[in-house]
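What follows is a predicted structure for the sequence shown.
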Amino acid sequence: MTNADIASAFDHVADLLEYQGANVFRVRAYRNAARTISGMVESLASVRGESGRSLTDLEGVGADLAGKIETLLDTGKLPLLEELAREVPAVVFELMRVPGLGPKKVKALVDGLDIDSLDALEQACRKGRVATIKGFGAKTQAAILTNIAFAKSPEHARLLWADADAIVQTLLAWMRRCPQVRRIEAAGSWRRGRETVGDLDLVVDGDDAASVMDHLHGWPETSAVLLRGDTKTSIRGPRNVQVDLRVVDRGAFGAAWQYFTGSKEHNVKLRSRARDRGLTINEYGVWRIPGGVDAEPRPRGPSLAGETEEDVYRAVGLPWIPPELREGGDEIHRAELGELPELVELTDIHGDLHMHTTATDGEATLGEMVRAAIERGLAYVAITDHGQRVTMAHGLDRKRLLHQWGEIDRLNESLSQDGPPPIVVLKGIEVDMLEKGGLDLPDDVLAKADWVVASLHYGQHQPRDRITARIVEAIENPHVSVIGHPTGRLINRRPAYDVDMEAVIDAAARTGTFLEINANPWRLDLDDRLAAAAKRAGVKLVISTDAHSTAGLEVMRCGILQARRAGLEAADVANTRTLAQLKKLMK
Ligand code: DGT
Ligand code: CA
Ligand code: CA
Ligand code: ZN
């Protein structure tokens, strides 16, 4: 059981308890624990295993929840969850996958309209029956209809990259303990850094395929063997994910790794390029086609290349192409021209410009966040707690914000007492774009900030021209440095709001306002396509963690992957600059 499995079990418990109308504190306890756990970098198994440490040290985890974590770690099951699942109709799970439908709304629908399937709910919306239930109305009904379509799309079943990555890391560690594995690497969409991952693909260099496959089948997380061939096998692992494993000879390792990294579209283009050169390329290597360009591609004799990916690309006259670019766009053409971008890397990042503290909805104090940022080697951070509109997070009004800035001044002073400070803390704020237009803090306050993130959290269902106008207005505010999570989408949960991104990007380019790539694995907003469009328009991007805890700073690497998929170089990303350079770049 990975942390993500356990967090998801607790979230499920919370949903089902809430559905049953259980005590709100009990529901909240499970939600808080789920949140703590999904934000952790360390595995729960290792926290438990370490002497002198206890699961109850974790925030929001008392003796009862610690016991449940242990049960999950030991048995992979939670009796409470099974019991709740028996008590609640199966359709409840299906309906809760629809974005915006929480336990309470689902209960109203199931009880009020006798809904027993997603299709029945869709029908009820179309017939206008949902709008007749208390608390729903025509607008909600229309939103549910849109979101049903979203829940039905296959993308919905895919794992977030970060969750897939956690599984990949434990799986690789397990497989590397197998003596018959000379080398193992993960391929597929995980390696390309896609925001969601369907299944996991592994490539092994080894002679004894049977032993390697046995080792995978013996992985404690393997719940079923789906297929077993001579050199390939598929299993079902944690969170129901499928794992495909292929064992090859050393001489074919690079070819197999390239082939199974994909994407399929990239491979199709690569193969057609090979054909044009009288070559054929497959998962075993590159061969010359006897008889030349027009002959049937029947390889013969030893392969021309296969041991490394570099060899494979070189054989068709190309430099190695970073996996994040292998989507079948123009990457092969650019590689041929020698015009591949030099993609931004995690080590290029010098600052993190969006994070929260206990002053609003963060879990760590100002001092704790700054210390964690120093440990990560960052040269500057901006503290950007919520403005007053975000009442749920106890957003800051003028008085509390100025108080926090006073604290930051004193912190910077104390950091620079003995020479150059290890980090500079910028006085920031995440202001909210109000439903009626304008921001939730006045300009005279924003004028004193070092860094202003403007985000849209409320009125997300307004029509396209309203949302666009609100964002463009924020961009035109001279004090706004960057637009936070510009489209508002939550992967697998909530579609983007209806906004004219071309107008937003144009306005950002015109005013020198940055756009954010929010690195939170649920957000990744802007996505790769929009970030590339922003770059083309001359907009600089800022990759930010939006951390709500010290562990939250870790997600920077997810943002980097997205930026790389967008083809961004260090120069395209504002927070690769030194602080002095960043200040010059700001509008
Ligand atoms: P996923 O798992 O849906 O997130 O996406 P991928 O890209 O990991 O796709 P997957 O697991 O079906 O296959 C892994 C790679 O193997 C894929 O990116 C390219 C290669 N591959 C699989 N099937 C084919 C195929 O029929 N033709 C070609 N050219 N390549 C294939
Ligand atoms: Ca895959
Ligand atoms: Ca696969
Ligand atoms: Zn934020």
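Perfect, thanks for sending it. Numbers count the residues shown, from 1 in each chain. Ligands and ions are numbered 1, 2, ... in the order given.

The spatially closest residue to A364 that is not a sequence neighbour: how many residues sit nearby?
Excluding its sequence neighbours, the residue lying closest to A364 (C-beta to C-beta, 6 or more residues apart in numbering) is T550, at 5.0 Å. Quick note: C-beta positions are derived from backbone N, CA and C, even for glycine. Taking other C-beta atoms under 10 Å as the criterion, the count of residues near T550 is 22.

Name the helix or strand for the residue nearest the centre of the chain, please.
Averaging the C-alpha coordinates of the chain gives a centre point, and the residue nearest to it by C-alpha atoms, centre = their mean is P521 (1.9 Å). Applying DSSP states H and E as the criterion places P521 outside every helix and strand.

secondary structure class for V381?
Put simply, V381 is strand when judged by DSSP: H, G, I helix; E, B strand; the rest coil.

my guess is it contacts P422, does it?
No. Between V381 and P422 there is no contact, the gap being 11.2 Å when judged by C-beta atoms under 8 Å.

neighbour-wise, which of these two wins?
Neighbour tally, V381 and P422, criterion other C-beta under 10 Å: the higher count belongs to V381, 28 against 15.

close to ligand 1, is stretch 560-570?
No. Against ligand 1, stretch 560-570 shows no contacts by C-beta under 6 Å from any ligand atom, the least distance being 13.1 Å.

could you dump that stretch to CSV, C-alpha only?
What follows is stretch 560-570, C-alpha atoms only, in CSV (Å, rounded to 0.1, in the frame of the first residue of the first chain):
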residue,chain,number,x,y,z
ILE,A,560,9.2,21.2,-14.5
LEU,A,561,8.0,18.1,-16.4
GLN,A,562,5.0,20.0,-17.6
ALA,A,563,7.3,22.9,-18.7
ARG,A,564,9.6,20.5,-20.5
ARG,A,565,6.6,19.0,-22.3
ALA,A,566,5.8,22.5,-23.4
GLY,A,567,9.4,22.9,-24.8
LEU,A,568,10.4,25.6,-22.3
GLU,A,569,14.0,26.5,-21.8
ALA,A,570,15.4,28.1,-18.7
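
Run a quick neighbour tally on Y284.
Each residue near Y284 was counted by other C-beta under 10 Å, and the total is 16.

meant to ask about I167
Close neighbours of I167, defined as other C-beta under 10 Å, add up to 23.

Might you report the residue contacts of it?
With contact taken as C-beta atoms under 8 Å, 6 or more residues apart in numbering, I167 is in contact with T2, A4, L159, L200, E221, G237, P238, R239, V241.

10 Å - rerun?
Contacts for I167 (C-beta atoms under 10 Å, 6 or more residues apart in numbering) come out as 2, 4-5, 159, 186, 190, 197, 200, 221, 237-239, 241, 243.

What of G128?
A138, Q141.

So that it lines up with my notes, have the first residue be 26 from now on.
Understood, numbering begins at 26; the last thing we discussed is G153.

and it, helix, strand or coil?
Three-state call for G153 (three-state DSSP): coil.

Up against ligand 1, what does the stretch 276-425 of the chain have?
Y284, F285, G287, S288, K289, N292, V293.

Recalculate using a threshold of 5 Å.
Counting by C-beta under 5 Å from any ligand atom, the residues of the stretch 276-425 of the chain close to ligand 1 are F285, G287, S288, K289, N292.

Assumed the first one was part of a helix.
Yes. Under the criterion used here (three-state DSSP), F285 sits inside a helix.

What is the neighbour count of R351?
The burial count assigned to R351 is 23, neighbours taken as other C-beta under 10 Å.

wait, doesn't it sit right on H291?
Yes. Judged on C-beta atoms under 10 Å, R351 makes contact with H291 at a distance of 4.0 Å.

what about the residue lying closest to W282 once chain neighbours are set aside, which helix or strand?
Excluding its sequence neighbours, the residue lying closest to W282 (C-beta to C-beta, 6+ apart) is V228, at 4.9 Å. When elements are defined using DSSP H and E, V228 is found to belong to strand 225-230.

is it true that the residue nearest to A389 touches H381?
No. Using C-beta under 10 Å, T575 is not in contact with H381, being 11.3 Å away.

joint contacts of these two?
With contacts taken as C-beta under 10 Å, 6+ apart, the residues that reach both T575 and H381 are G387, E388, A389, M394.

List the contacts of the last one.
Residues counted as contacts of M394 (C-beta under 10 Å, 6+ apart) are 377, 380-383, 387-388, 406, 408, 450, 572-575, 577-578.

before we move on, the earlier item: can you check what pLDDT the model gives the residue nearest to the centre of the chain?
Predicted confidence (pLDDT) at P546: the value is 96.

ok and the residue in the stretch 76-225 of the chain nearest ligand 2?
The minimum distance from the stretch 76-225 of the chain to ligand 2, using C-beta to the ion, falls at G213 (3.2 Å).

ok, now which ones touch the residue of the stretch 326-475 of the chain found nearest ligand 1?
At 8.3 Å from ligand 1, R351 is the closest residue in the stretch 326-475 of the chain, using C-beta to the nearest ligand atom. With contacts defined as C-beta under 10 Å, 6+ apart, the neighbours of R351 are 216-217, 283, 286-292, 294-295, 357, 590.

ok, so of those residues, who is nearest ligand 1?
Closest to ligand 1 out of the contacts of R351 is G287 (1.8 Å), distances taken as C-beta to the nearest ligand atom.

In this structure N57 contacts S574, no?
No. Proximity of N57 to S574 does not meet the contact threshold set by C-beta under 10 Å, at 11.9 Å.

okay, and the common contacts of the two?
Joint contacts of N57 and S574 (C-beta under 10 Å, 6+ apart) are E84, E388.

quick revisit: can you tell me which of the contacts of M394 is closest to ligand 4?
Using C-beta to the ion, the shortest approach to ligand 4 within the contacts of M394 belongs to H381, at 5.7 Å.

residue ranges with poor pLDDT in the stretch 76-225 of the chain?
179-181 (pLDDT under 70).

Next to ligand 1, which bits of it? Give me the list.
The interface of the stretch 76-225 of the chain toward ligand 1, taken as C-beta under 5 Å from any ligand atom, is made up of G213, S214, V222, G223, D224.

Near ligand 3, which residues of the chain? Just list them.
By the criterion of C-beta under 5 Å from the ion, the positions of the chain lying close to ligand 3 are D224, D226, D269.
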